[in-house]
Each structure stands twice: as C-alpha cells, then as structure tokens.
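[1] sequence? don't have it. structure:
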C-alpha cells in the first residue's frame, strides 16, 4: 500500500514537471491542464498552484490567478520530505498575491500577506524581497516613514538588492527636494546591475523629468537595447531622442514601439509626428489615421492631421 502511494505521488510530481515543460514552450493551456491534474491527486501541492497562477497571469487571466494564489496559501502541511519546498512555494504564493494587491490598489491587503509570509518563510528564503515589497505597499498607501523602515530592513538583509535601491529612489523622488539623493540611489542600482533594463529605465525617467535630455537618451537607449521587447523602453528612447533633436534615430524607436504594441494610440500618433517632421508625409498620414481609428476624436492626433493636410495643400501635393 505504501509503495502504491509513493508511486502515485511520484506520478503527480511528474505531471507537474510536464506542465513546466509545456509552459516553457508556450503551450499554456496544456500546461494548466497538467497542473490541474497534479492538484487532483495532491491538492496540497503548492508548487503546482504557483505554476498554475503564473500561467494564468501570462494569459492575463488575473482574477483567476488571484483565486489560485489564495488557494495556494491555504494548502496546509505537506509530507516531511517536501516540507521546505512546500513552505517556499506557499511563501512565494503569498508574495505574488501581495504584488497583485499592490497593482490592484489594495496596499494594506498586501501588507497582511507579507506579514504572514515573513513569519512563515523557510530558512534561506530571500526575505529582503518581502521587505522591499512591503516598502512598495507602504509607498502606495502614502506611508513614507514605514516604507523607509522596510527598505532599511531589506538592505540590511541584502545590501545589493537592486529593487530596494529603486524603491528607495522612488520614495525620495516623491519628496521633490531630494531628487539628487534619488539619483544617487538609481546610479548605485545601475552600478550593481548594469544589465538590468529596469534600473536604466528608472534612471532615464528621472533624467527626462529633470530635463537632462542627453543623459536620458543614454539611459533609455541602454534599457531598450537590453530588452528589445519592452515597449516602454522603446517609446521613451524615441521620445528622448526626439527631444534631443535626433529625429531619424527617434523614428527607428517609434517604429519599434508600434511593432511591439500595434494597438497603442500614443505610439502611432508619435510615429506619425516624427514621420511628419522627417518629411515622410504619406506614411505620417497613415499612422495618424491609425491612431484615430483606435481613439476616434483624439484632439492631439486631429490637430496633427490638420497641420499635415495644410502642409500638403500648401505644397500642392494633395
């Protein structure tokens, strides 16, 4: 009987592993079926809940993902041999549920999850990430003193934790008189993780906001090159280049932004504007019309299109 139970549990683990393999190749529906099959024979298998929630989030089924994460945190105990793995997965479920609460504008619900996670995290779990997440929740709630305390705990646990540096910078930027200090934290983050596009994006945003356009160009280009799939990096690299008067190069990155997010109004509108400036009037018109098809009556696009039509008429090209 014990041997039969062991075989069944082993098969359940294998089903979950099959789900991971399917997810890694983009076959998310099949992966979710595997995770659910694993959970039918091991309902307490927190790792399967965790992977199922991740697959749902990848498919933008966020409400379903939250329900799975809520089930995960209540899975109870696991066999002794799986105790550490189980505790790690449950803690991670709580961490991701807290992140979902922050995104959903529920910072105090996030803090409740983080408090439980910190109290039950297994040995070796990266609690610095939980403290940083707590700081983000406090910032979302406007509780700056509590956020600073949480960030101090995160940096005590892991002095080189880049997200903590980024969160510290965000907190300082909220206080307009501490922009220089915020930049110092961002530059430390970039030095610690030179290949992390997020660090460069945060630095690029601060530099744009303080009108240091040439420096912002460098930061946003680095972010866009490190992650060619990031629409925000491409769009803001293009914007920084345009502000720097580098219109041909800006056109390249606005084109990338449109490719990455074909239904984004701002990308089409700005590509139309830079094409307009670069003398590519027919193509500019097409992108203005595409922007208007996505957002009928958009005043900025309408104005740009009227200016383009007037220019074409003046040149006798209509």
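    All right, it came through fine. Since the model is a prediction, treat every value here as computed from it, not as a measurement.

[2] phi and psi next, for the residue nearest the centre of the chain.
    The residue lying closest to the centre of the chain (CA atoms, centre = their mean) is residue 198, at 8.9 Å. Residue 198 adopts backbone torsions of phi -60, psi -40, taken as degrees, to the nearest 10.

[3] ok, now residue 238?
    phi -60, psi -40.

[4] use 515 as the first number from now on
    Done: numbering now begins at 515, and the last item shifts to residue 752.

[5] and the residue nearest to the centre of the chain, what does it touch?
    676, 680, 737 (CB atoms under 8 Å, 6 or more residues apart in numbering). C-beta: built from backbone N, CA, C; applies to glycine.

[6] any idea of the pLDDT on it?
    For residue 712, the model assigns a pLDDT of 94.

[7] domains of this structure?
    Per automatic domain parsing, the structural domains of the chain span 677-764, 776-832.

[8] which residues of the stretch 515-664 of the chain fall in helices?
    516-538, 542-555, 560-572, 576-587, 597-617, 621-634, 641-654, 658-671 (DSSP state H, counting those that start in this stretch).

[9] buried set for the strand or helix carrying residue 753?
    Element membership of residue 753, judged by DSSP states H and E, is helix 745-757. Neighbour-count burial for helix 745-757, counted by 16 or more other CB atoms under 10 Å, picks out 745-756.

[10] contact partners of it?
    With contact meaning CB under 8 Å, 6+ apart, helix 745-757 is reached by 711, 714-715, 718-719, 722, 727, 730-731, 734-735, 737-738, 740-742, 761, 763-768, 770-771, 774-775, 778, 780-781, 784, 788.

[11] select only the buried ones of those residues in ChimeraX?
    Burial among the contacts of helix 745-757 is assessed by 16+ other CB under 10 Å; the matching ChimeraX selection reads:
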select :711,714,715,718,719,722,727,730,731,734,735,737,738,740,741,761,763,764,765,767,768,770,771,774,775,778,780,781,784,788
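
[12] just to revisit the earlier point, deepest-packed of the domains of the chain, please.
    Counting by mean count of other CB atoms under 10 Å, domain 677-764 has the highest mean neighbour count of the domains of the chain, with a mean of 19.
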